[in-house]
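Student: Any chance you can model this:
(one chain, ligands or ions: 1)
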Amino acid sequence: METPLTAAEPMLWSGWGDPAKAAELPAPVRDLLAELLGVRAPATPAATFGEVRLPPVTLPPPVLAALAAIAGDGNVRADDDARIRHTRGKSTPDLLLMRAGDASDAPDAVVLPGSHDEVAAVLRVCAEQRVAVVPFGGGTSVVGGLVAARRGFTGVVALDLARLNRLVSVDPVSMIAELEPGLRAPQAEQLLAAHGLTLGHFPQSYEYATLGGFAAARSSGQASAGYGRFDDMVAGMTVATPRGTLELGRAPRSAAGPDLRQVFLGSEGAFGVITSLRLRVRRAPEVRTYEGWRFATFAEGAAAMRRLAQQEAPPPTVLRLSDETETMVGLAKPADLGAAGRDSGCLLVAGFEGSPGDVAHRRDSASAVLVEAGGVHLGPEPGDKWAQGRFSVPYLRDSLLAAGATVETLETACFWSNLPRLYDAVRLALLGALGSPLVMCHISHVYATGASLYFTVVTAQTGDPLGQWAAAKRAANEAIVQAGGTISHHHGVGRDHREAYAAEIGDLGGDILRGIKERLDPAGILNPGVLIP
Ligand SMILES: Cc1cc2nc3c(=O)[nH]c(=O)nc-3n(C[C@H](O)[C@H](O)[C@H](O)COP(=O)(O)OP(=O)(O)OC[C@H]3O[C@@H](n4cnc5c(N)ncnc54)[C@H](O)[C@@H]3O)c2cc1C
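Tutor: The predicted model follows:
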């Protein structure tokens, strides 16, 4: 068993990422936001750590002692620091609440088990004592997946899987590695790199999200066109439930009835705790190259992506198309934002990873398709710029919130024939709900039959930014449901999408999920209030 050499910095408690990378918005950008969107500095400054309001711990001391007897004394924490750092996830509403000093959803305690058996024992105690359990990976959920309903429970514990952080084994013949769920993505890549391997899973939350969270929320990374979604990589898994342990996946494909792995992929901690993952791995690429293409319109760029996704040759590893607004914002220098760049068209980034021969072959084949579809080659600069900045965008959100802008993202997916309708419906809903926001969109996950749409919204904060975003999100969710999209392509359901998910799967679908939940978790302790309609 191998453990990672370095631990990542603890995440900023009130915002995104490594605290050392937090930055203020430059004054010219603040001025521009004021001019274009009417953004003004918020009236109240963000709360300091010492000002955060925590509810009292309600878990009886004997329960805390029983948990400490399982995980070890130092691995059950009820101190303010641990509780605040395990409060909610990292959506914009989550950050706004923390900035306001509101930690009312904090767990009573954080439990850090060190093995599958300890997880199973914690679940047994919590089921007996009616304690709600929130499985906690990197804490990067953006859909309210880390807030358990308290009603009817003695208390709530966050079950932090950080100590389950080993590379258990590598099977180079089958190209499968067994890894534990608490590994953050960079730690997993570091361990695999020592064997010349990679997962190829690079979501924007890469720096902090964990393997368990990727499986539990059906994550999709920026290189999904080449490496696939995370759920495609899961060859097998071990799951601890209050009723016992499941070992799932013993062959690449099976006709032995419904695939029970699918019950736990996307189950968001409501059915069980994933304690080990057998993941398909690839050889680490020798070459990585990214380049830009320009299309006159979003529709033309989308048609080019569809051709690449539907052709027989493998598509690029990374394929990403920004709409006109996102292209304009991405290309412009702050001073140019207002006027210039309106006709900048749409930027498509195509990236290729693999052996030199494979990359050359796929690049030639993709370039021919892109030229034929009307694309203009822009060379490596836009691709390199995207690759260099790909994990820094979330830091910008904190700077924008501090400057008085509301900024949030949402995503959906549908079949190709419906994509223009879905795009228009969500855009119009956001524009209608927010007045005159900046609404940007990109396509970054493509399939032969369809694609996802990822929207970013920036607008001036009102006096009630939480209410302002709640109204916009409601409007967008309704538009997605009505226009035939799925409520989530890769963020998951959590609490925020539960209603729309219920509409998507219907009453019978909801009944099935409740039935599974009752069988696996009769006391209903696992993440109550999340996912299940
Ligand atoms: C800035 C930012 C960028 C993002 N970019 C992307 C992106 O590009 N692609 C993408 O797919 N997502 C993205 N996300 C969303 C988020 O990172 C993913 O949902 C990720 O899969 C969550 O992983 P995590 O380890 O942080 O899980 P957590 O947030 O800790 O948990 C997510 C859910 O899974 C459950 N869970 C966690 N671990 C386990 C386990 N071992 N067993 C059972 N249940 C478990 C939790 O209870 C919760 O319901 C982004 C989020 C942020 C804040």
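
Student: Name the nearest residue to the residue in the chain that the ligand sits nearest to, ignoring sequence neighbours.
Tutor: Nearest residue of the chain to the ligand (CB to the nearest ligand atom) works out as G213 at 2.1 Å. Just so you know, the C-beta spots here come from the backbone N, C-alpha and C atoms, and that holds for glycine as well. Distances taken as CB to CB, 6 or more residues apart in numbering put G137 closest to G213, at 3.2 Å, once the chain neighbours are dropped.

Student: give the contact list for that neighbour.
Tutor: For G137, the contacting residues are 161, 181-182, 209-213, 216, by CB atoms under 8 Å, 6 or more residues apart in numbering.

Student: quick one: low-confidence ranges for the stretch 1-150 of the chain?
Tutor: Under the criterion pLDDT under 70, the flagged ranges of the stretch 1-150 of the chain are 5-7.

Student: same thing but 90
Tutor: Within the stretch 1-150 of the chain, the segments meeting pLDDT under 90 span 1-10, 22-32, 43.

Student: before we move on, the earlier item: tabulate the contacts of G137 (TSV), appending secondary structure and distance to E268.
Tutor: Supplementary listing: the contacts of G137 in TSV, determined by DSSP: H, G, I helix; E, B strand; the rest coil; distance: CB to CB, whole Å:
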residue	secondary structure	distance to E268
L161	coil	14
P181	coil	13
G182	coil	16
A209	coil	14
T210	strand	13
L211	helix	15
G212	helix	11
G213	helix	9
A216	helix	5
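
Student: Adding pLDDT, write these out as a markdown table.
Tutor: Written out in a markdown table, the entries for the contacts of G137 read as follows (pLDDT from 0 to 100):
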| residue | pLDDT |
| --- | --- |
| L161 | 98 |
| P181 | 98 |
| G182 | 98 |
| A209 | 98 |
| T210 | 98 |
| L211 | 98 |
| G212 | 98 |
| G213 | 98 |
| A216 | 98 |
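
Student: roughly how far apart are the residue nearest to G213 and A309?
Tutor: Spatial separation of G137 from A309 under the definition CB to CB, to the nearest Å is 30 Å.

Student: Likewise for G272?
Tutor: Remark: distance between G272 and A309 (CB to CB) = 34 Å.

Student: now swap in R498 and tell me
Tutor: For R498, the distance to A309 under the criterion CB to CB works out to 31 Å.

Student: and the longest helix anywhere in the chain, what does it pack onto?
Tutor: Using DSSP state H to assign secondary structure, the helix with the most residues in the chain is helix 498-520. Helices and strands touching helix 498-520, by 3 or more CB pairs under 8 Å, 6 or more residues apart in numbering; DSSP states H and E, are helix 465-482.

Student: and for the helix it packs on, what are the contacting residues?
Tutor: By CB under 8 Å, 6+ apart, the surrounding residues in contact with helix 465-482 are 92-93, 96-97, 406, 408, 410, 412, 422, 425-426, 428-430, 432-434, 437, 455, 457, 459, 461-462, 486-487, 496-497, 499-500, 503-504.

Student: which bits of the stretch 251-400 of the chain sit near the ligand?
Tutor: Remark: the part of the stretch 251-400 of the chain in contact with the ligand comprises 268-269, 273-274, 394, using CB under 6 Å from any ligand atom.

Student: try 8 Å this time
Tutor: Residues of the stretch 251-400 of the chain lying near the ligand by CB under 8 Å from any ligand atom: 264, 267-270, 272-275, 393-394, 397.

Student: Can you tell me which of those residues is nearest L520?
Tutor: Within these, proximity to L520 (CB to CB) peaks at G272, which comes in at 6.1 Å.

Student: What segments of the stretch 201-350 of the chain are helices?
Tutor: Assignment of helices within the stretch 201-350 of the chain using DSSP state H, counting those that start in this stretch yields the ranges 211-216, 224-227, 230-233, 261-264, 298-310, 324-331.

Student: I'd assumed A127 was in contact with V63.
Tutor: No: the pair V63 and A127 fails to qualify as a contact (CB atoms under 8 Å) at a distance of 11.9 Å.

Student: The two - which one has more neighbours?
Tutor: Ranked by neighbour count (other CB atoms under 10 Å), V63 and A127 place V63 first, with 22 against 19.

Student: pLDDT below threshold where in the stretch 251-400 of the chain?
Tutor: If you take pLDDT under 90 as the line, the stretch 251-400 of the chain has these spans: 313, 329-344, 393.

Student: how about the strands in it?
Tutor: Applying DSSP state E, counting those that start in this stretch to the stretch 251-400 of the chain gives strands spanning 273-280, 282-283, 287-295, 318-322, 346-354, 376-379.

Student: Of these, give the one that comes closest to I525.
Tutor: By CB to CB (comparing all of the strands of the stretch 251-400 of the chain), the closest turns out to be strand 273-280, at 11.1 Å.

Student: How much space separates L123 from A69?
Tutor: Distance of L123 to A69, given as CB to CB: 15 Å.

Student: Of those two, give the one with the bigger neighbour count.
Tutor: L123 (25 against 12).

Student: my guess is that one meets F271, correct?
Tutor: No: here L123 lies out of contact with F271, judged by CB under 8 Å, at a distance of 11.6 Å.

Student: Now do the shared contacts for those two.
Tutor: Overlap between the neighbourhoods of L123 and F271 consists of 241, 526, taking contacts as CB under 8 Å, 6+ apart.

Student: how would you label the closest residue in space to H86 that isn't next to it in sequence: helix, strand or coil?
Tutor: When the adjacent residues along the chain are set aside, H86 lies closest to A158, with 3.9 Å between them (CB to CB, 6+ apart). Judged by DSSP: H, G, I helix; E, B strand; the rest coil, the three-state class of A158 is strand.

Student: can you count the residues close to A158?
Tutor: Applying other CB under 10 Å, we find 26 other residues in the vicinity of A158.

Student: Same question for A194.
Tutor: Burial of A194 is recorded as 11 neighbouring residues (other CB under 10 Å).

Student: Then R253?
Tutor: Counted with other CB under 10 Å, residues neighbouring R253 total 5.

Student: can you check D398 too?
Tutor: Summarising burial for D398: neighbours were counted as other CB under 10 Å, giving 23.

Student: who's in contact with it?
Tutor: So D398 contacts 12, 15-16, 22, 95 (CB under 8 Å, 6+ apart).

Student: close to the ligand, is stretch 523-533?
Tutor: Yes: against the ligand, stretch 523-533 shows contacts by CB under 8 Å from any ligand atom at 527, 530-531.

Student: ok, and the most crowded of these?
Tutor: Scoring the residues of stretch 523-533 next to the ligand on neighbours with other CB under 10 Å, the highest-scoring entry is N527 at 30 neighbours.

Student: just checking, it touches C126?
Tutor: No: with contact taken as CB under 8 Å, N527 and C126 are classed as non-touching, separated by 11.6 Å.

Student: hey, what's in contact with both of these two?
Tutor: The contact sets of N527 and C126 overlap at 132-133 (CB under 8 Å, 6+ apart).

Student: before we move on, the earlier item: filter the contacts of G137 to the buried ones?
Tutor: Among the contacts of G137, those classed as buried by neighbour count (16 or more other CB atoms under 10 Å) are 161, 181-182, 209-213, 216.

Student: Noted, bye for now.
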